[in-house]
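Undergrad: quick one: sequence and predicted model below, then my questions.
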Amino acid sequence: MLVRLVIENLFSFGDRKEFNTIPNKRLKTLGHHKYNLNGFEVLKISSIYGANGAGKSNLIKSLNLFQRLVIREEIPFNLKNTEFKFNSNDSDNKQIFAIEFVQDDTPFYYGIELLNNIICTEELYLSGLGLNEDRLIYERKTDEDEVTTIKFLADFEKDEKSQILKSVLLEEFVKPNEPILKLISNRENKFLVDVKKAFNWFSETLQIITPNSRPSALAHRIDTDKKLKDYAEELMSSFNIGVTSLSSEKKSVEDFFGEDNSEEIDKWTKRVEESPKKMISIRIDRSLEIVIVKEDKKIWIKSLQIEHSGGNNETALFELDEESDGTIRLLDFVPAFQDIIFKKKVYIIDEIERSIHPLLIKELINKFSLDSKTKGQLIFTTHESNLLNQNIFRQDEIWFAEKDKSGSTDLYSLSDFKEHKTIDIRKGYLNGRYGSIPFLGNLKDLNWHLYDIN
């Protein structure tokens, strides 16, 4: 579970800002929205509102960058170019990512400080979550000469064999511009077992869906997971968009490329054999995807088939690239909602309502909100004011992003306003009561007829 995220000097975030899923003790509504994690509570759903350009998507972009930084063990692009552009002086300013989360019932705090594309600080702690003191797992420092030191937990530092491992890491593996969370998680050391848990949160638990995401390897999952197939068909059918079933078209690599095309067959066979999961997905265009996978000692190519109903009880199969943007977006949500219903997954979705009818997305979010048996977290950005309903959200589950006078994004929760539980928050939001909406005064005064091009 995600507990809190802290960002400083990144994209539109200048000063340090925090987003969190910690319940406000004052609020008593929707009690089933609180997950109890060994005495500490977190919320299961959060929405983030803001005008265009306010920075709400930058919160998702920052977390996405943070995840890539950890998993790929490298800075994904020149972070210097993502610094806050309106810093008050020309001196170097650190970029800060920090996150608190729970994985396998273990609470963690993980943070990184970057300066000029060098990881000057990286630290992992067992978090006390407000009840106990944080306990060090490791702290890594890199100075201006790019010399790195690591301090581990006390038991590790006292162990002779562990000290040998530490020396090897520093001499051969640790680089000043690469995080070491993944590196340490792959070491077999009895004092570092919690590091693997922490890394798994980034690699397995955290799932981010952007507006341009497309359902990944869904053809393979539909082919091999009957429960997902049944769930997906029921969910898509309930949207009343004409979809009746989902299936996977499966061809051997020889049939797909042609037996005479040995060059292509060998190329893709080699790539699949070299992949950790013996599977790769290839995006052919904006939406069409094929999955190449090794099964039963053979290489297969799978593509998603979507069955629609027509008149006179007729049906027809469609490829993914023949579907509307809205249908493709809904397919994105099939594995997402199955995961957050049955697993302790964390899904972060940017612009959840994109290409989807307001009534449909409201009904989907409302169903998740009312379900008292869910296990995962759903956090999303949106402009959809129809979701602003206190029967769907607690006040501490509604967040706003707004630019301050310096051009920096500010984050704050509806619970800061201490509204009554019966107030119409949608009306209040559209009237500007909570800020975080476009200011349209200048648009009214715009005389666009002055710019006649004839």
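TA: Great, that's in hand.

Undergrad: just give me the neighbour total for Met1.
TA: Residues contacting Met1 under the criterion other Cβ atoms under 10 Å number 24. (Glycine included, C-beta is placed from N, CA and C.)

Undergrad: ok, now Thr422?
TA: The burial count assigned to Thr422 is 6, neighbours taken as other Cβ under 10 Å.

Undergrad: can you give me the strands for the stretch 251-400 of the chain?
TA: If DSSP state E, counting those that start in this stretch is used as the criterion, the strands of the stretch 251-400 of the chain fall at 279-283, 289-295, 298-309, 315-319, 346-349, 377-381, 398-403.

Undergrad: which of those sits closest to Ile99?
TA: The closest of the strands of the stretch 251-400 of the chain to Ile99 is strand 346-349. By Cβ to Cβ, the value is 10.8 Å.

Undergrad: that older thread, let me have the strands of the stretch 251-400 of the chain in a markdown table, extended by mean pLDDT.
TA: Shown next, in a markdown table, are the strands of the stretch 251-400 of the chain (pLDDT from 0 to 100):
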| stretch | mean pLDDT |
| --- | --- |
| strand 279-283 | 86 |
| strand 289-295 | 92 |
| strand 298-309 | 94 |
| strand 315-319 | 92 |
| strand 346-349 | 97 |
| strand 377-381 | 98 |
| strand 398-403 | 96 |
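
Undergrad: just the ones you listed: most buried one?
TA: By mean neighbour count, with neighbours taken as mean count of other Cβ atoms under 10 Å, strand 377-381 ranks first of the strands of the stretch 251-400 of the chain at a mean of 25.

Undergrad: give me the angle between it and strand 398-403.
TA: Orientation note: strand 377-381 sits at an angle of 30 degrees relative to strand 398-403 (axes from the mean of the first three to the mean of the last three Cα atoms, to 10 degrees).

Undergrad: just give me how far strand 377-381 sits from the chain centre.
TA: Relative to the chain's own centre, strand 377-381 is displaced by 9 Å; criterion: Cα atoms, centre = their mean, to the nearest Å.

Undergrad: ok, it: who's next to it in the sheet?
TA: strand 45-50 (parallel), strand 346-349 (parallel) (DSSP bridges).

Undergrad: can you dump the C-alpha coordinates of the last one into PDB?
TA: Looking back up the chat, that one is strand 346-349. Extracted as PDB, the C-alpha positions of strand 346-349 are listed here (Å, rounded to 0.1, in the frame of the first residue of the first chain):
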ATOM      1  CA  VAL A 346      -1.600  -0.200  -6.000                       C
ATOM      2  CA  TYR A 347      -2.900   1.300  -9.200                       C
ATOM      3  CA  ILE A 348      -2.100   4.900 -10.200                       C
ATOM      4  CA  ILE A 349      -4.200   6.100 -13.200                       C
END
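
Undergrad: ok, residues contacting it?
TA: Residues external to strand 346-349 that are found in contact with it (Cβ atoms under 8 Å, 6 or more residues apart in numbering): 1-2, 60, 63-64, 101, 205-209, 336, 339-340, 376-381.

Undergrad: quick one: which of those sit in helices?
TA: For these, the ones inside helices are 60, 63-64, 336, 339-340, with DSSP state H as the criterion.

Undergrad: before we move on, back to that, could the strands of the stretch 251-400 of the chain go into JSON lines alongside distance to Gly428?
TA: Below are those laid out as JSON lines (distance: least, Cβ to Cβ, whole Å):
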{"stretch": "strand 279-283", "distance to Gly428": "42"}
{"stretch": "strand 289-295", "distance to Gly428": "42"}
{"stretch": "strand 298-309", "distance to Gly428": "41"}
{"stretch": "strand 315-319", "distance to Gly428": "43"}
{"stretch": "strand 346-349", "distance to Gly428": "25"}
{"stretch": "strand 377-381", "distance to Gly428": "19"}
{"stretch": "strand 398-403", "distance to Gly428": "11"}
